[in-house]
Every structure is written in structure tokens, then in C-alpha cells.
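Chemist: Here is my input; please provide its structure:
(one chain, ligands or ions: 3)
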Amino acid sequence: MALQSPIPALRIDADRLMGRLMDLASISPIEGGGNSRLALTDDDAAGRDLVVGWMKDLNLDVIVDVVGNVVGTWNVGHGSPVMTGSHIDTVRTGGKYDGNLGVLAGLEVIQAVQESGHIPSRPISVAFFTNEEGARFAPDMFGSLVYVGGLSVEEALDTVGIDGARVADELERIGYNGATPCPGVSPSSFVELHIEQGPVLEQIGVSIGAVTGVQGISWQELTIEGQSNHAGTTPMSMRCDPAYVASSIAVFVRNLANRYGGNQVGTVGKIDLFPNLINVVPAKAVMTVDVRNTDESLLAQAESEIATFIAQIAEAEGVRISSRTLARFEPVEFDSELIDLVESLAKQHGHSVHRMPSGAGHDAQMLARVCPTSMIFVPSVNGISHNPAEHTSAQDIANGANILLHTILALAEKKDF
Ligand code: GLV
Ligand code: MN
Ligand code: MN
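Modeler: Ligands and ions are numbered 1, 2, ... in the order given. Model (predicted):
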């Protein structure tokens, strides 16, 4: 029989959820209404403390693992928990909702069920995973990757960030170097509510996304070394210019994505030039390339074309280019039963629903390695995210949280995991 919620009339308290979202957003606010809580900074620590306090208020059993992932569990019923959650770190210029919504909606679901008097048949856990963004420490989905055993604890703790800080030192400094080992307990299922972060739902006028999977991600860092020289005296024919090469690579990546079409995207988000002065041909450029596709073979083809171009331009300009992989994850497909569940609950609750892959990376794609997993999307105004202007309406947030509530309740009654 198809999965059902045992108490379909129950609703979350939308005002309480919005209140917690705004309280969390009041930590590390930035101009334009967003947040800057890079992973394992003091700002992240303040956000963590606030959310852990809320977990304790709900009488959850709170564990902190060796890479700082935090899991709060309402220990009712039997068996392995149904888990929800996301992340509370942000990019340096982040919004209020990316990640935070999934964590705080999870807390709201537990509180609403606790207040209803209903006792689920399985425990319910809410997690926030360390450094999902990958903006300070690569790769992204860092904590959830370690949680599922995809990256060793030793390697994770030794990771050095963009500012030279080491994960182990930062965990200790902020007091989140927990004792619970990784890999962590495998949940019976995982479901994550998240803002879409793209324009699709808004453009088609649909309020719930039933997420079918996450596209593959390839991140690399390129270091380009040339010949620093005088901008006025060096003939163009004698230049070995890392800035020219970096910008040519950026243009190549952009044209490649346009040429492939479909789901192919390509981004150069970071270029650092040294010494970065107006009248000096730079000695060095360090840049990043982010390419993604839902199709693994197309993603691999894109990587190979970029590598060929890099070799050609290095030769032509007389520069040395070395590359370092920062993240490489194949596309992930979510569990069909859970996707169906999200879709049917959305319909039952009177919402329009659209099946779609995720363009952004999410902790759910890591949890999908160990248990049936799916995600719920709600619309992003103007498709804007990783930007302080990121916004989702209170109504859409409430709709998504209610679908999360009933998805979790239905999964908590599922016996055959
Ligand atoms: C991480 O959230 C990403 O998709 O870049
Ligand atoms: Mn996110
Ligand atoms: Mn993000």
C-alpha cells in the first residue's frame, strides 16, 4: 500500500518556524539582508549554539560527531530513525534560507508532532552537517560525506581552507570537536526540505518540487604560473600572462556550457592574481572551475575538453598550469518510492507539484548512499540564491514544511526498511 501520513490534518506552526529562521538570520547579518557564516568560524559557532539550544528545548538527544556534524534525535518508537536536516553554514554572501530552512523546518516538524500527542513508530532525527557549502573547506557536502563514510575522518580533519585554517583546529577552537564516531548511524530514510535556488518552480507557477536527484559536480582549482613583467615595456609577443590565460579559460568554460546546452552549467567563481597590480603582468593566477551536469558522461566529456584546452593554451602562452580536484561527485538519483511520496502528499494537500533534478549540491545526495532519500523544494523568488537577496515567501515555506511533516510522519510508520 502506498505510504500515508497517520495524521493528515496536522499542520506546523508557520509563525514559529519563521521566527526561528529570522532569529538564526540575526546572527552574522550582512548588507542586503543575508548572512555570512562560513563553516567553523565564530559566526558559524554562534549559529550552532542557537540551534543546539533549540534542540535541547525540544528534549532531543544531541550528539556532536568528530567532524562537528550535530544530530538531535527525538527518541521515540523503535528501529533506526527517520532523518531530516541540512546545513546552517553559508557562503560568504549567503541568504537566510539556504540550508537553514531544512534544519529549522525539521525542528518545527518535531515540535508540531510532540504537541499533537502523536507518537511516531520510529525516532526522528534532525541533523545539521558541517561545511555543506564547501566555500571555506573543499569539498562541498563535507560533513555529510564523512557521515556516510565517503571521506575518511583523518583526511577531513586535515583539510586546509581558503584562509589556511585546518578543520581539526577550527573544530576544537569553536568547541564542536565531538566524540561520536563517523560514519554515523544510518537512518531508515532521509528527507531534506530546501529552497530551489533556481528559477524553475517560480517560472512554471508550481509550489512544490519533488526532487528526483542531484546533478554531478566537478570542482577544480588551477594554478597558472607565467612571467611577471612590466606592463608598458613587454611586447605582446613576449608575454606569458596568467591573467590572459585565466580569462581565456573562463570564456572557454562559458562557451562550452552554452554549446552543450541542456543541464550543463559552468562557472569560474574565483580568480586571484598575483601581485594584482595595474601595471604588472601577473606572475600567477589561481582560479576555480565548477562544472555540473545531470549526465555523468557529458560531465566527464566537459572535464576532458577543458583539460585539452588548458594544455593547449598553456603551450601557446608559455605558462605552467597545475590542477587540483576540489570536489567530484557523480549525479545521484533519489529513491522512487520517496519521490512518489513527496509528489502524492503535495497533491493531497492541494499543491501543484513538479518533478525536477537539483542544480545545487545537497547533504541529501550523500545520505542517498546509505538510505532511501528524497528532497522537497520550494520556490526561490527570481531564482536567486548564494546572494543576500535570496527569498522565499512565508506561504511557500509553510507549504514545504507541511509536506516535510507528513513525509516524515509517513516514513516513521514504514516497516520494511
Ligand atoms: C553547494 O551548496 C553547491 O551546490 O555549490
Ligand atoms: Mn544548501
Ligand atoms: Mn548553498
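Chemist: ok but residue 307 is inside a strand, no?
Modeler: No - in this structure, residue 307 is helix, not part of a strand, as judged by DSSP: H, G, I helix; E, B strand; the rest coil.
Chemist: mind checking the SS state of the spatially closest residue to it that is not a sequence neighbour?
Modeler: Excluding the flanking residues, the one nearest residue 307 by CB to CB, 6 or more residues apart in numbering is residue 323, at 7.7 Å. Heads up, the C-betas are built off the backbone N, CA and C, glycines and all. Classification of residue 323 by three-state DSSP places it in strand.
Chemist: just checking, residue 323 touches residue 222?
Modeler: Yes - using CB atoms under 8 Å, residue 323 makes contact with residue 222 at a distance of 5.2 Å.
Chemist: what sits against whichever residue of the stretch 201-350 of the chain sits closest to ligand 2?
Modeler: Taking CB to the ion as the measure, the stretch 201-350 of the chain has residue 214 as its residue closest to ligand 2, at 11.0 Å. For residue 214, the contact set (CB atoms under 8 Å, 6 or more residues apart in numbering) comprises 331, 332, 357, 358, 360, 361, 362, 364, 365.
Chemist: what are the bridge partners for it, then?
Modeler: residue 332, residue 358 (DSSP bridges).
Chemist: gap between residue 328 and residue 150?
Modeler: Distance, residue 328 to residue 150, using CB to CB, to the nearest Å: 11 Å.
Chemist: So which of these two has more stuff around it?
Modeler: Using other CB atoms under 10 Å as the criterion, residue 328 and residue 150 rank with residue 150 on top: 17 against 14.
Chemist: And the pLDDT at the residue lying closest to residue 390 once chain neighbours are set aside?
Modeler: Excluding the flanking residues, the one nearest residue 390 by CB to CB, 6+ apart is residue 95, at 2.5 Å. In this model, residue 95 is scored at 98, pLDDT.
Chemist: Could you do residue 417 as well?
Modeler: 68.
Chemist: Between its first and last residues, how far does stretch 138-148 reach?
Modeler: 17 Å (CA to CA, to the nearest Å).
Chemist: Next: stretch 223-241.
Modeler: End to end - CA to CA - stretch 223-241 spans 12 Å.
Chemist: Would you mind listing the buried residues in that stretch?
Modeler: 224, 225, 226, 227, 228, 229, 234, 239, 240, 241 (16 or more other CB atoms under 10 Å).
Chemist: just checking, which of those residues belong to strands?
Modeler: 224, 225, 229 (DSSP state E).
Chemist: any chance of the contacts of residue 214 in TSV, with pLDDT too?
Modeler: Shown next, in TSV, are the contacts of residue 214 (pLDDT from 0 to 100):
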residue	pLDDT
331	98
332	98
357	97
358	98
360	97
361	98
362	98
364	98
365	98
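Chemist: The one helix or strand residue 56 maps to - what's its average pLDDT?
Modeler: Residue 56 belongs to helix 42-57 when assigned by DSSP states H and E. Averaged over helix 42-57, pLDDT sits at 98.
Chemist: same deal with stretch 203-223?
Modeler: Mean predicted confidence for stretch 203-223 is 98.
Chemist: gap between the two ends of it?
Modeler: So stretch 203-223: terminal residues 39 Å apart, CA to CA.
Chemist: repeat for stretch 231-249
Modeler: 21 Å.
Chemist: quick one: contacts of it?
Modeler: By CB under 8 Å, 6+ apart, stretch 231-249 touches 222, 224-227, 229, 268, 271, 273, 278-285, 287, 289, 306, 309-310, 313-314, 317-319, 321.
Chemist: for stretch 137-154, same thing?
Modeler: So stretch 137-154 is contacted by 39-40, 65-69, 87, 127, 129-134, 156, 159-162, 167, 181-184, 186, 217, 219, 326-329, 361-363, 365-367, 369-370 (CB under 8 Å, 6+ apart).
Chemist: same thing with stretch 38-50?
Modeler: Under CB under 8 Å, 6+ apart, the answer for stretch 38-50 is 23-24, 27-28, 35-37, 68, 70, 88-92, 128, 130-133, 135-137, 142, 165, 167, 170-171, 173-176.
Chemist: So among those residues, which ones count as buried?
Modeler: Buried among the contacts of stretch 38-50 by 16+ other CB under 10 Å: 24, 27-28, 35-37, 68, 70, 88-92, 128, 130-133, 135-137, 142, 165, 167, 170-171, 174, 176.
Chemist: The residue nearest to residue 307: neighbouring residues, count only.
Modeler: 14.
Chemist: What distance do you get for it to ligand 1?
Modeler: Going from residue 323 to ligand 1 by CB to the nearest ligand atom, to the nearest Å gives 19 Å.
Chemist: confidence score at that residue?
Modeler: Reading off the model, residue 323 has pLDDT 98.
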